[in-house]
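>>> Starting from these lines, generate the structure:
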Amino acid sequence: MDKPRILLSSGKKPDNYIGAIQLAGGIPSAQYLPEVDTGYDGLILCGGGDIHPDYFGEPMDGSGNIDRPRDEREFALLRAYAAAGKPVLGICRGIQVVNVFFGGTIHQDLPNAADHSSFADHDLIHPVRAEAGSVWERLYGTRFVVNSHHHQALNRLGLGLRTTLVCEKDGHIEGVAHDSLPIFGVQWHPERMCGTRRRADTVDGLAVFRYFMGLIRG
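Numbers count the residues shown, from 1 in each chain. From the prediction side, this is the model:
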């Protein structure tokens, strides 16, 4: 097939996502509040601020940097791509959008948030453990190191989702996949672990995007 066309729902700094998709062999279209258009081959929900807790039935309790128009648009995008059976990858905020869309909840502000975010421009790193039989076990092994830049995490899993990765230190969910749809997510930032941003102290994040492309190509 021709190079897959990938829709990126992103914030103001999509360059790392664009570069990762290009390295993986795709054609990215990064937009803020993109129109709901399933003419693309796949959808990536990029990182960003927190989801408004109204979407999972809780009062505000530590969430911040809320963007209600983006929340609304990304839930609409996910609904359309899920109905079309097209692959979706959620990264950081994106995995949280996926979880909430399927009825899950979010830890709005982790008590140990300083273990997961520098609250500055640089990422932390930590080891994660892959669930047996998951794609991450096949690609990276049972235990590997990723970056980290988040103060929230998934709490109750949404319907049809299963855990694929957990933080080794505290057990917080770092990866999920849907049981029957080509939808998955990671809490970390693989786009900042590949290409010109490849790190010596983590695995190569490009494998995430190549796996995503493989779902598209079948």
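>>> helix, strand or coil for residue 44?
Assigned with DSSP: H, G, I helix; E, B strand; the rest coil, residue 44 falls in the strand class.
>>> What score does it have for pLDDT?
pLDDT recorded at residue 44 is 98.
>>> Report how many residues lie close to it.
27 (other C-beta atoms under 10 Å). Just so you know, the C-beta spots here come from the backbone N, C-alpha and C atoms, and that holds for glycine as well.
>>> so it bridges to which residues?
Counting by DSSP bridges, residue 44 is bridged to residue 8, residue 89.
>>> For residue 138, see how far away it is.
Separation of residue 44 from residue 138 (C-beta to C-beta, to the nearest Å) stands at 21 Å.
>>> who are the neighbours in contact with the closest residue to residue 68 other than its chain neighbours?
The shortest distance from residue 68 to any non-neighbouring residue, by C-beta to C-beta, 6 or more residues apart in numbering, is to residue 52 (5.9 Å). Listed by C-beta atoms under 8 Å, 6 or more residues apart in numbering, the contact set of residue 52 reads 63, 66, 68, 71.
>>> change it to 6 Å
Residues near residue 52 by C-beta atoms under 6 Å, 6 or more residues apart in numbering: 66, 68, 71.
>>> now do residue 202
Residue 202 sits next to 125, 145, 146, 147, 193 when contact means C-beta under 6 Å, 6+ apart.
>>> now swap in residue 106 and tell me
Taking C-beta under 6 Å, 6+ apart, we find residue 106 in contact with 96, 152, 155.
>>> which of these has the most neighbours?
Counting neighbours by other C-beta under 10 Å, the top entry in these is residue 96, with 29 neighbours.
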